[in-house]
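A.B. asks: Give me a 3D structure for the following:
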Amino acid sequence: MFTAATVLSALELGFIYALVAMALFLSFRILNIADMTTDGAFTLGCAVSATAAVAGHPFLGLPLAMLAGAAAGFVTAFLQTKLGVPSILAGIVTNTGLYTVNLAVMGFSSNVPMLKTQTVFTAVQALAGEGFPYKLVVAAVITVAVCALLIFFLGTRLGLSIRATGDNPDMVRASSINTAFTITVGLCIANAMTALSGAVLAQYQRSADINLGTGMVVIGLASLIIGETLFSRGSMWTKALAAVAGSVIYRFIIALALRANVPSECLKLISAVIVALAITAPALRDKAALNRRRVKNRKEDARHA
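C.D. replies: Got it, this is the predicted structure:
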């Protein structure tokens, strides 16, 4: 069904997009905020990374992209916490403004080609050789490192405060913890991870496009929910790794759709269907279990009658 090249490509993209799933895990699940900055922050990471790579600094492009993403998250948090803008609208406003910012970063061009530009991947390829799966290794190392750092951070005092803010903000305020600060830090970190995902993708495919981030919220949510459906309970490590596993599974589903000659124009619809199925899966599973218990009880009642 899948060729070796298809499996390798799905794994590579799965690890790259897993950073978005982990970002949504932080903002959507832990902070309980629907952050709509994701699309613009992803493109911002692509733009910064590509521009830095073209200038001869591919490695520097990754931390610069994270700083740019954190700045986008700060703007969203500022609108939400200081100006009283609802979280969804704050993300939409920032995302709208980022379109012009992204164009400016790319020199007011809709795309930045990097066909002859050295990237992080080509640098590793030069060290490891052509036969080495350098793209998979680079993507996996970056994602696993970010995942480990995120879990470590969430176990710190500040990380626990962020987790508590998402669970019960009123209790956190009563404990003299500044919720505006914890929300700001959380959104900055989430959008930094999103921008890093875009930065790695731009160097992976050697191009940056103004529309690369379109629909990234749906892709990230699909990956996150697929992982949560398969690994519904567990520690923070399990939940974070579930986001990574969900992203890889999502890319295999997309690869399967492409193998079935589904038009590329329909991939967004497929993503929406995957999200809907993943969201409804736990409810359908619980409903099926309830129906089985009812049937069992009826049979027992009929047996005793």
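A.B. asks: Mind naming the longest helix for this protein?
C.D. replies: helix 267-304 (DSSP state H).
A.B. asks: shaky segments in the stretch 101-250 of the chain?
C.D. replies: Scanning the stretch 101-250 of the chain for pLDDT under 70 picks out the ranges 232.
A.B. asks: which residues of the stretch 1-150 of the chain fall in helices?
C.D. replies: Listed in chain order, the helices of the stretch 1-150 of the chain (DSSP state H, counting those that start in this stretch) span 4-24, 38-54, 58-81, 87-105, 120-128, 134-154.
A.B. asks: do you know which of these lies nearest P263?
C.D. replies: Closest approach to P263 among the helices of the stretch 1-150 of the chain (Cβ to Cβ): helix 4-24, 17.9 Å. Using the backbone N, CA and C atoms, a C-beta is placed for each residue, glycine as well.
A.B. asks: For that closest one, the averaged confidence score.
C.D. replies: What helix 4-24 shows for mean pLDDT is 90.
A.B. asks: and it, how far out from the chain's middle?
C.D. replies: 10 Å (Cα atoms, centre = their mean, to the nearest Å).
A.B. asks: buried set for it?
C.D. replies: For helix 4-24, burial by neighbour count (16 or more other Cβ atoms under 10 Å) applies to 9-24.
A.B. asks: ditto for stretch 278-298
C.D. replies: For stretch 278-298, a neighbour-count test (16+ other Cβ under 10 Å) marks A278, A281 as buried.
A.B. asks: Just the mean pLDDT for that stretch, thanks.
C.D. replies: Here the average pLDDT along stretch 278-298 is 81.
A.B. asks: secondary structure element for S197?
C.D. replies: Applying DSSP states H and E as the criterion places S197 in helix 179-205.
A.B. asks: who does that helix touch, helix- and strand-wise?
C.D. replies: helix 4-24, helix 38-54, helix 58-81, helix 120-128, helix 134-154, helix 157-167, helix 169-174 (3 or more Cβ pairs under 8 Å, 6 or more residues apart in numbering; DSSP states H and E).
A.B. asks: If we use 6 Å, what do you get?
C.D. replies: If you count contacts as 3 or more Cβ pairs under 6 Å, 6 or more residues apart in numbering; DSSP states H and E, helix 179-205 packs onto helix 4-24, helix 38-54, helix 58-81, helix 157-167, helix 169-174.
A.B. asks: Isn't T81 up against T182?
C.D. replies: No. With contact defined as Cβ atoms under 6 Å, T81 does not count as touching T182 (9.7 Å).
A.B. asks: quick one, which of the two is more surrounded?
C.D. replies: Higher neighbour count among T81 and T182: T182, with 24 against 19, using other Cβ atoms under 10 Å.
A.B. asks: For the more buried one, list the residues it contacts.
C.D. replies: T182 sits next to S161, I162, T165 when contact means Cβ atoms under 6 Å, 6 or more residues apart in numbering.
A.B. asks: which one of these is nearest E228?
C.D. replies: Of those, the one sitting nearest to E228 (Cβ to Cβ) turns out to be I162, at 19.0 Å.
A.B. asks: Tell me, how many residues neighbour the closest one?
C.D. replies: Counted with other Cβ under 10 Å, the neighbours of I162 add up to 26.
A.B. asks: next one: R259
C.D. replies: Neighbour tally, R259, other Cβ under 10 Å: 12.
A.B. asks: Distance check, it against A5.
C.D. replies: Noted for R259: a distance of 12 Å to A5, by Cβ to Cβ, to the nearest Å.
A.B. asks: then stretch 70-88 to CSV, C-alphas only?
C.D. replies: In CSV, the C-alpha atoms belonging to stretch 70-88 read as follows (Å, rounded to 0.1, in the frame of the first residue of the first chain):
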residue,chain,number,x,y,z
ALA,A,70,6.5,34.4,20.4
ALA,A,71,6.1,38.1,19.5
ALA,A,72,2.9,37.2,17.6
GLY,A,73,1.6,35.3,20.7
PHE,A,74,2.4,38.3,22.9
VAL,A,75,0.3,40.5,20.7
THR,A,76,-2.6,38.1,20.9
ALA,A,77,-2.2,37.8,24.7
PHE,A,78,-2.0,41.6,25.1
LEU,A,79,-5.2,42.1,23.2
GLN,A,80,-6.9,39.5,25.3
THR,A,81,-5.5,40.3,28.8
LYS,A,82,-5.0,44.1,28.7
LEU,A,83,-7.6,45.3,26.2
GLY,A,84,-10.4,42.9,27.0
VAL,A,85,-10.7,41.4,23.5
PRO,A,86,-12.2,37.9,23.5
SER,A,87,-9.6,35.2,22.9
ILE,A,88,-10.9,34.1,19.5
